[in-house]
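S.K.: Predicted structure and sequence below. I'll ask about it afterward.
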Amino acid sequence: MVKFKFIDLFAGIGGFHLAMHELGGDCVFASEIDIQARKTYEHNFKNISPNLFRNEMFNDDIRKISAEEIPDFDVLCAGFPCQPFSQAGFRRGFMDNHNSERGNLFFNIAEIIASKRPKAFFLENVRGLYTHDNGKTFKIIADILRNELGYSVYHKIVRASDYGLPQHRPRTFIIGFRDDNPLGGGFYFPDNLPLKFNMSYVWGGKCSRDVGFTLRVGGRGSDITDRRNWDSYLVDGVVKRLGPDEGKLMQGFPDDFEFPVTNVQAMKQLGNSVAVDAIKNVGRKMINYMGLLDIEDNEKNNENMGLNLNKGEWAEPYAFLKIIKDKRLYLSDKELNQGSTFLDIEKVTNSNLNYDFLIFEGNEVIVKNKITNHETTYDTAEIITESTLEKIKNTIINASGTFNIPEFSVLQEQIGVAFQKGGNSSQKADVILDFNYNQMKSIKNDGFGIKSLMGAKPTLLNASSNTNFVYSVTDFSANLIDEVNSIDSRKKIMDRIEFIKEYGGEITFNRIEKDVFGYNLKMVDGQMPLLLGELLLKYFQLGISDIKGLVKVVFTNSSLIPQLGITTLEMFEYKIKKLLLDYTCGFFPGSKWDGKYSSNGTIVVDKNGLLHGFHIINMEAFMDYLFDNVKFDTPSSGRHGFGSVFKEKNGELFFKLNLQLRYK
């Protein structure tokens, strides 16, 4: 019986897979980029986890998959690349861009956790991770997991010999839980166990050591007298060198685990793997701890009547109530001037709410339970009063951080409805309306997003690893990678681009990092990846954030524009306007788009709490507003892994930029 679902990132040959499968786990997704390791992984797990391969869920490059494409799961397992933090390497940590950005791949893990919200994670890395850069690297990792993602974090240096295997192999284990105290305190790593067998058993003869050296990634062997020796042992008075059979035993792999590769590759793969018994024993404790958490009750407690939200989040329930009170939504122009065109509202709800608010003439509103069809009639003049709305609005405008609004809590109690946010990471619509358009056309179940200008300017498109653009860097020496990447000025991305240009380098758009986002952009316009890649590069190079102004600069100065057959500024502007509209109403960077809109409008809550409607009924005004009021924005380069030159194994140099759009 399957007890839980897990994913296996940076899977190697499947040490995590073996351990988790034996504990009752079902692997629903795995990712490993090394071709030889993939051969070994599939050879050994195609019968154990056939659906993984049948459903094409054995990925190669983790940078090319979007989190939305990964099936839901309970536990994320990842022995993420350790070379940047290893004593055997250059210890560049997050700055390791000399071999496919190995040091930055932790952020791909964070992206997946943020999107999929698994119950737990189990991460493994070298011991040096904890002390690297005087502890700063580990602190960044723990802060992201704890403070940005909201998980508890437990860590320990674990040796393979702690759990029965005759090998030192100290590794940093990091465990975390979603429904747990973020400060931790409840989970404890299991007690150490005695050795199951010693190195004499491994060799089948008297070995001079009971516990073996840490297995390394293979390559040239070392003399037994070398202080760095790792593979030579004195057995029955004879020097012997480790092979795959001995390596399997030391790492805890079963006898029937096979290597369809050369012995050299097998030793490399074993050296890169996790110690199975250590993973299994700690994993068992983790799974048992998950069983002690009453996750269902915790989620119910979070649905209480008291909400603690920030300014932008409070705009949604405020707009919800104001629509009910006003019974009408006026459409506005690009400067937020309300026109004479309006929508007469008949019903208000959202996708996460079990109630419809039916609006009638006068002050009557009927709250209808979607499940039971039970109806309760209220007088909005007595409940949703102008005074109540004014207090809610003023609290939102004047407060900071996350906060509760007592008037809203009282109103919820009076109506008997616990409001919940409408939109989430996979929805465009924050509120759903039935309305009559200019007292003529009746439209049902129409979705609107909500954007608030009462606090910090909201984002239109949030940066993630999905929105990375990759550029080729040519005529630039790889010897300068560390020098350019060490630039840490206030405008470091701009200065790094200038450094590349100063030393003769050329930066040209190569590709969208994630195929899904590239596909979606081509759905908007076949030329869009190239056009957006050019705009993004010029934004970081010139510092012009205003989309409208930047489009004009690129049209005037870029050789790409005539090459693409764009003959007028109006033609270029329309393409970008269409992109902004399609993103606002249609697609997400990480989910393949079918070309349809899931939301047909946006409600802008201005700084004074007034509502301004935009809808595809008046598409020109909608596109003009977005084009005139959206700008390029610079996200965190550390968070999303862009802004540094990196070298792929074939020697080619690349540079990544990340797209984020924000309202002005």
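M.R.: Happy to help now that I have it. These numbers were taken from a predicted model, which means no experiment stands behind them.
S.K.: okay, CA-based contacts and neighbour counts for the rest of this
M.R.: Fine.
S.K.: ok, residues contacting the one helix or strand Gly176 maps to?
M.R.: Using DSSP states H and E, Gly176 sits in strand 171-177. By CA atoms under 8 Å, 6 or more residues apart in numbering, the surrounding residues in contact with strand 171-177 are 119-130, 151-159, 286, 290.
S.K.: Tell me the backbone dihedrals of the residue of the chain most remote from its centre, please.
M.R.: Distance from the centre of the chain peaks at Gly237, with 54.5 Å (CA atoms, centre = their mean). With angles defined as degrees, to the nearest 10, Gly237 sits at phi 80, psi 0.
S.K.: Can we start the residue count at 37 from this point?
M.R.: Yes, from this point I'll number from 37; that puts the last item at Gly273.
S.K.: is it true that Leu425 lies in a strand?
M.R.: No - applying DSSP: H, G, I helix; E, B strand; the rest coil, one finds Leu425 to be helix, outside a strand.
S.K.: isn't it right next to Lys358, touching?
M.R.: Yes - contact status for Leu425 versus Lys358: in contact at 7.2 Å, counting by CA atoms under 8 Å.
S.K.: ok so, going back, buried residues of whichever helix or strand comes after the strand holding Gly212, list them for me.
M.R.: Once the chain leaves strand 207-213, the next helix or strand it forms, by DSSP H and E, is helix 235-239. Judged by neighbour count (16 or more other CA atoms under 10 Å), helix 235-239 contains these buried residues: Met235, Ser236, Val238, Trp239.
S.K.: Run a quick neighbour tally on Ile428.
M.R.: Ile428: 20 surrounding residues under other CA atoms under 10 Å.
S.K.: mind checking how far it is from Glu443?
M.R.: For Ile428, the distance to Glu443 (CA to CA, to the nearest Å) stands at 7 Å.
S.K.: picking that back up, can you flag which of the contacts of strand 207-213 belong to strands?
M.R.: Residues of those located in strands (DSSP state E): Ala156, Phe157, Phe158, Leu159, Glu160, Asn161, Val162, Tyr190, His191, Lys192, Ile193, Val194.
S.K.: now, which of the residues you listed sits nearest Ile419?
M.R.: Ala156 (42.8 Å; CA to CA).
S.K.: Quick check: closest non-adjacent residue to that closest one.
M.R.: Ranked by CA to CA, 6 or more residues apart in numbering and with sequence neighbours excluded, the top spatial neighbour of Ala156 is Phe213, at 4.3 Å.
S.K.: and what of Leu605?
M.R.: Among residues not flanking Leu605 along the chain, Phe591 sits closest, at 6.5 Å (CA to CA, 6+ apart).
S.K.: Let me see the contact set for that neighbour.
M.R.: By CA under 8 Å, 6+ apart, the contact set of Phe591 is Ile597, Leu605, Phe608.
S.K.: Dump those to a markdown table, plus secondary structure, pLDDT and neighbour count.
M.R.: Shown next, in a markdown table, are these (DSSP: H, G, I helix; E, B strand; the rest coil; pLDDT from 0 to 100; neighbours: other CA atoms under 10 Å):
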| residue | secondary structure | pLDDT | neighbour count |
| --- | --- | --- | --- |
| Ile597 | helix | 95 | 19 |
| Leu605 | helix | 97 | 14 |
| Phe608 | helix | 97 | 17 |
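S.K.: what pLDDT does the residue nearest the centre of the chain get?
M.R.: Closest residue to the average C-alpha location of the chain: Glu147 at 1.9 Å, with CA atoms, centre = their mean. On the pLDDT scale, Glu147 is placed at 88.
S.K.: Please identify the buried residues of the helix or strand encompassing it?
M.R.: Using DSSP H and E, Glu147 sits in helix 142-152. Using 16+ other CA under 10 Å as the test for burial, helix 142-152 gives Phe142, Phe143, Asn144, Ile145, Ala146, Glu147, Ile148, Ile149, Ala150, Lys152.
S.K.: now do stretch 427-437
M.R.: Lys427, Ile428, Lys429, Thr431, Ile432, Ile433.
S.K.: wait, is the fifth one part of a helix?
M.R.: Yes - note on Ile432: a helix contains this position according to three-state DSSP.
S.K.: Apart from its neighbours in sequence, what residue is nearest it?
M.R.: Lys347 (5.6 Å).
S.K.: The last one too?
M.R.: Distances taken as CA to CA, 6+ apart place Met490 nearest to Ile433, at 5.8 Å, with adjacent residues excluded.
S.K.: same question, the fourth one
M.R.: Leaving out its chain neighbours, the residue that sits closest to Thr431 by CA to CA, 6+ apart is Ile441, at 7.1 Å.
S.K.: Any figure for the gap between the one you found and Val384?
M.R.: Distance from Ile441 to Val384, by CA to CA: 21 Å.
S.K.: Which one of the two is surrounded by more residues?
M.R.: The neighbour comparison of Ile441 against Val384 (other CA under 10 Å) goes to Val384, with 23 against 18.
S.K.: The more buried one: what's it in contact with?
M.R.: Phe356, Ile359, Ile360, Asp392, Phe393, Leu394, Ile395, Val467, Ile468, Leu469, Asp470.
S.K.: Surely it forms part of a strand?
M.R.: Yes - applying three-state DSSP, one finds Val384 inside a strand.
S.K.: Tell me the bridge partners for it.
M.R.: Beta-bridge partners for Val384, by DSSP bridges, are Phe393, Leu469.
S.K.: what's the spacing between it and Leu357?
M.R.: Noted for Val384: a distance of 9 Å to Leu357, by CA to CA.
S.K.: Same check on Gly649?
M.R.: Taking CA to CA, one finds Gly649 at 15 Å from Leu357.
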